[in-house]
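Participant: Turn this into a model:
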Amino acid sequence: MNNSSTLDLPAAVPLRQDAGVIGLVGLAHLISHYSQLLLAPLFPWLKTEFNVSYTELGFVMTVFFVVSCAAQAVSGFVVDRFGPRPVLFAGLALIGVSAFGYALSTSYWMLAGAAVIGGIGNGVFHPVDYTLLNRKVSAPRLGHAYSLHGITGSLGWALAPAMLVPLTLAYSWRVALMAAGTLAFVVLAIQLLNRDKLVLAVAPVSKSAAPQDQGLAFLKIPAVWMCFVFFFWYAGVLSVIQTFAPEAARQLHDVPLPLVAMCLTVYMLSSACGMVLGGFLAANAARCERIVGTAFGIAASAALLLALGDYPVWVVPVLFGVMGFASGMSGPSRDLLVKASTPDNASGRVYGVVYGGLDIGQAVTPLVFGVLMDHGQYRSVWLGLVVLQGVLVACAFNVKKVRRTELAPA
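Facilitator: All right, here's what the predicted structure looks like:
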């Protein structure tokens, strides 16, 4: 199977040209991840405002990610057919509308309705981003492009609680969410002003193209589904850490409330730092599986320490940082695993399906772990996180095994 893109640019592409594309894509990716954490940091206020449980609030997140999954699969085909730029603009606009919808909600079901809009907007980004990066960034810089793409995502996650919680404390949660919507529209304006850098011709489908390059035939590639499974479990890890782990750590280790929000910010900033290292490690594609497996082994060890140990308060954010750095280090290698399983001219479709696993995992996990939280099973939340991270270690090596089987001669 030929996994090299026929549309890769030569290595002589000027750095400024590559950097412009990477920067715009990364900025949009930041807003995508930012949108995923608009509600979770505000759960304590929303729980009181709407008189609902953590499980019910988790269901709103489930709505967001179920819709995002469906939108992601569909948008992959739209991107391959019409190009990524208009889809990107639509996604940013919908995220802005969703944030204002949250802010204006007067009932629990209005929150859920705004989550539907946000899920549609969030669903476009991975097919858009990876199509632009894979086809517009020169091959020697692709690992670093993936690294920066992951860093901006982590920064988006870190920015959400760092921006929303102080604004809520100073004004209200409604003002905080209006500010979030404004930020999304500002980024949309930046993308529109630089739209020429995002032009990408729709790739024609050659009559001689391999069957997996056309229509739904790529769904027959086992490595695509192995990547889907990996992202399902990876999403579970993210969902637990973003939504419940800080509060569970507070209950287990008596962490002061201001430090709880800092734990998530430390995790995301550490993840961004890990991705810088990961961009260099990913230069050797042959070791991608080992990097991913080792990274999540380290993260699982840190989570196990938090689950079973008894530490001073300051140790808790440190261990969050260890988990974040290890997870971030795996990011560029993880993305290269997907690229190695992607047929020519099918980036939108493959990334739409593969990252659909991310949305499904983030839709299911809050329901399971929300019940644990409502029943005060805080240690079980952390032990469950350890299990999820352990599964990721096995999945990383299975992607390589499946791909070897595909490439083996009949």
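Participant: Which neighbouring elements make contact with the helix or strand of the chain with the lowest mean pLDDT?
Facilitator: Using mean pLDDT, DSSP states H and E, helix 347-354 stands out as the lowest-scoring helix or strand of the chain, at a mean of 72. Judged by 3 or more Cβ pairs under 8 Å, 6 or more residues apart in numbering; DSSP states H and E, helix 347-354 is in contact with helix 54-82, helix 125-136, helix 222-239, helix 315-340. Yep, even glycine has a C-beta here, placed from its N, CA and C like the rest.
Participant: Next one: residue 224 from residue 354, what distance?
Facilitator: Going from residue 224 to residue 354 by Cβ to Cβ, to the nearest Å gives 6 Å.
Participant: Could you do residue 292 as well?
Facilitator: Counting by Cβ to Cβ - residue 292 and residue 354 are separated by 14 Å.
Participant: could you redo the helices and strands packed on helix 347-354 as JSON lines and give each row distance to residue 249 and mean pLDDT?
Facilitator: JSON lines is the format used below for the helices and strands packed on helix 347-354 (distance: least, Cβ to Cβ, whole Å; pLDDT from 0 to 100):
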{"stretch": "helix 54-82", "distance to residue 249": "15", "mean pLDDT": "85"}
{"stretch": "helix 125-136", "distance to residue 249": "29", "mean pLDDT": "87"}
{"stretch": "helix 222-239", "distance to residue 249": "15", "mean pLDDT": "82"}
{"stretch": "helix 315-340", "distance to residue 249": "5", "mean pLDDT": "85"}
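Participant: Please identify which of these is closest to residue 277.
Facilitator: helix 315-340 (5.4 Å; Cβ to Cβ).
Participant: list the contacts for residue 290?
Facilitator: Residues near residue 290 by Cβ atoms under 8 Å, 6 or more residues apart in numbering: none.
Participant: could you say which helix or strand contains it?
Facilitator: Residue 290 is part of helix 288-308 when elements are defined by DSSP states H and E.
Participant: Can you report how many residues lie near residue 139?
Facilitator: 15 (other Cβ atoms under 10 Å).
Participant: what about the helices in the stretch 151-300 of the chain?
Facilitator: 173-193, 222-239, 245-253, 257-281, 288-308 (DSSP state H, counting those that start in this stretch).
Participant: any idea which of these is most buried?
Facilitator: helix 222-239 (a mean of 23; mean count of other Cβ atoms under 10 Å).
Participant: Just list what that one packs against, helices and strands only.
Facilitator: Identification of packing neighbours for helix 222-239 by 3+ Cβ pairs under 8 Å, 6+ apart yields helix 315-340, helix 347-354, helix 356-374, helix 378-407.
Participant: Any idea which of those gets closest to residue 96?
Facilitator: Here helix 356-374 is closest among the helices and strands packed on helix 222-239 (Cβ to Cβ), at 19.8 Å.
Participant: in that closest one, what counts as buried?
Facilitator: When burial is assessed from 16 or more other Cβ atoms under 10 Å, helix 356-374 yields the following buried residues: 356-366, 369-370, 372-373.
Participant: Out of the residues you listed, the closest to residue 169 would be?
Facilitator: residue 373 (22.6 Å).
Participant: Give me the nearest residue to that closest one, chain neighbours excluded.
Facilitator: Excluding the flanking residues, the one nearest residue 373 by Cβ to Cβ, 6 or more residues apart in numbering is residue 54, at 4.8 Å.
Participant: Residue 47 is in contact with the one you found, correct?
Facilitator: Yes - counting by Cβ atoms under 8 Å, residue 54 does reach residue 47; the two are 7.0 Å apart.
Participant: how near is the closest residue to residue 197 other than its chain neighbours to residue 123?
Facilitator: Leaving aside its sequence neighbours, residue 197 sits nearest to residue 20 (Cβ to Cβ, 6+ apart; 4.8 Å). To residue 123, residue 20 is 25 Å away according to Cβ to Cβ.
Participant: Could you check which of the two has the larger neighbour count?
Facilitator: Neighbours were tallied for residue 20 and for residue 123 using other Cβ under 10 Å; the higher tally belongs to residue 123 (30 against 16).
Participant: and the more buried one, what is it in contact with?
Facilitator: Counting by Cβ under 8 Å, 6+ apart, the residues that residue 123 touches are 67-72, 74-75, 91, 359.
Participant: So which of those residues wins on neighbours?
Facilitator: That'd be residue 68 among the contacts of residue 123, by other Cβ under 10 Å, with 32 neighbours.
Participant: Which residues are in contact with it?
Facilitator: 118-120, 122-123, 359, 362.
Participant: Over to residue 235?
Facilitator: 65, 357-362, 365.
Participant: show me the contacts for residue 18.
Facilitator: 136-138, 141, 145.
Participant: 7 Å - rerun?
Facilitator: 137-138, 141 (Cβ atoms under 7 Å, 6 or more residues apart in numbering).
Participant: looking at the helices and strands packed on helix 222-239, which is buried most?
Facilitator: helix 347-354 (a mean of 28).
Participant: What lies in contact with that one?
Facilitator: 72-73, 75-77, 79-80, 126-127, 130-131, 134, 218, 224, 227-228, 231, 338, 342.
Participant: relative to helix 222-239, how tilted is that helix?
Facilitator: Angle between the axes of helix 347-354 and helix 222-239 is 60 degrees (criterion: axes from the mean of the first three to the mean of the last three Cα atoms, to 10 degrees).
Participant: CA atoms only: put helix 347-354 into PDB for me.
Facilitator: Taking Å, rounded to 0.1, in the frame of the first residue of the first chain, the C-alpha atoms of helix 347-354 are listed here in PDB:
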ATOM      1  CA  SER A 347      -7.000  12.500   4.400                       C
ATOM      2  CA  GLY A 348     -10.400  14.100   5.100                       C
ATOM      3  CA  ARG A 349     -12.300  10.800   5.100                       C
ATOM      4  CA  VAL A 350      -9.700   8.900   7.100                       C
ATOM      5  CA  TYR A 351      -9.200  11.600   9.800                       C
ATOM      6  CA  GLY A 352     -12.900  12.100  10.000                       C
ATOM      7  CA  VAL A 353     -13.500   8.400  10.900                       C
ATOM      8  CA  VAL A 354     -10.400   7.900  13.000                       C
END
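Participant: re earlier: out of the contacts of residue 235, flag the one nearest to residue 312.
Facilitator: Distances from residue 312 to the contacts of residue 235, taken by Cβ to Cβ, are shortest for residue 365, at 29.4 Å.
Participant: what's the pLDDT at the closest one?
Facilitator: Listed pLDDT for residue 365 reads 86.
Participant: same check, this time on residue 7
Facilitator: 43.
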